[in-house]
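Participant: Kindly generate the corresponding structure for this input.
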Amino acid sequence: MKNLIMCVFGLLALAGCSNEGAENQTTNEKTVIDAQLQALEKAHNVESILKESEERTREAMDAAQ
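Facilitator: Next up, the predicted model:
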C-alpha cells in the first residue's frame, strides 16, 4: 500500500513538471517592466542625441577660433 501511494505521488510530481500546455502560452504578453524598459530606451536615445549635439557644438566652436 505504501509503495502504491509513493508511486502515485511520484507520477503526479512528474506530470507537474512536464512542459505540456507551454506551447499555448504566447511570448508577446506584456509584463510589468515593459514601460520601464521603453522609458530606458528613450533615455538612451536622448542621451545619444545630446552627445551628438555637444560634439557638433564643440566642433563649431573649435572652427570659429
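
Participant: ok, residue 11 - contacts?
Facilitator: For residue 11, the contact set (Cβ atoms under 8 Å, 6 or more residues apart in numbering) is empty. Every residue, glycine included, has its C-beta placed from N, CA and C.

Participant: Offset the numbering so it begins at 26, please.
Facilitator: Sounds good: first residue 26 from here, last item residue 36.

Participant: Kindly export the host helix or strand of residue 30 (C-alpha atoms) in CSV.
Facilitator: If you go by DSSP states H and E, residue 30 is part of helix 27-41. Output of helix 27-41 as CSV, limited to C-alpha atoms (Å, rounded to 0.1, in the frame of the first residue of the first chain):
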residue,chain,number,x,y,z
LYS,A,27,2.8,2.3,0.9
ASN,A,28,4.6,1.6,-2.4
LEU,A,29,1.4,2.3,-4.3
ILE,A,30,1.0,5.7,-2.7
MET,A,31,4.6,6.6,-3.3
CYS,A,32,4.3,5.7,-7.0
VAL,A,33,1.1,7.8,-7.3
PHE,A,34,2.9,10.8,-5.8
GLY,A,35,5.9,10.2,-8.0
LEU,A,36,3.8,10.2,-11.1
LEU,A,37,1.9,13.3,-10.0
ALA,A,38,5.3,15.1,-9.5
LEU,A,39,6.5,14.1,-12.9
ALA,A,40,3.2,15.2,-14.5
GLY,A,41,3.5,18.6,-12.7
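
Participant: Now do that helix, average pLDDT.
Facilitator: Helix 27-41 shows a mean pLDDT of 81.

Participant: Return the distance of that helix from the chain's centre.
Facilitator: Its chain's C-alpha centre and that of helix 27-41 lie 36 Å apart, by Cα atoms, centre = their mean, to the nearest Å.

Participant: Tell me the helix or strand right after it.
Facilitator: Taking DSSP H and E, what comes next after helix 27-41 is helix 59-89.

Participant: List the buried residues of that next one.
Facilitator: Neighbour counts over helix 59-89 (16 or more other Cβ atoms under 10 Å) mark no residue as buried.
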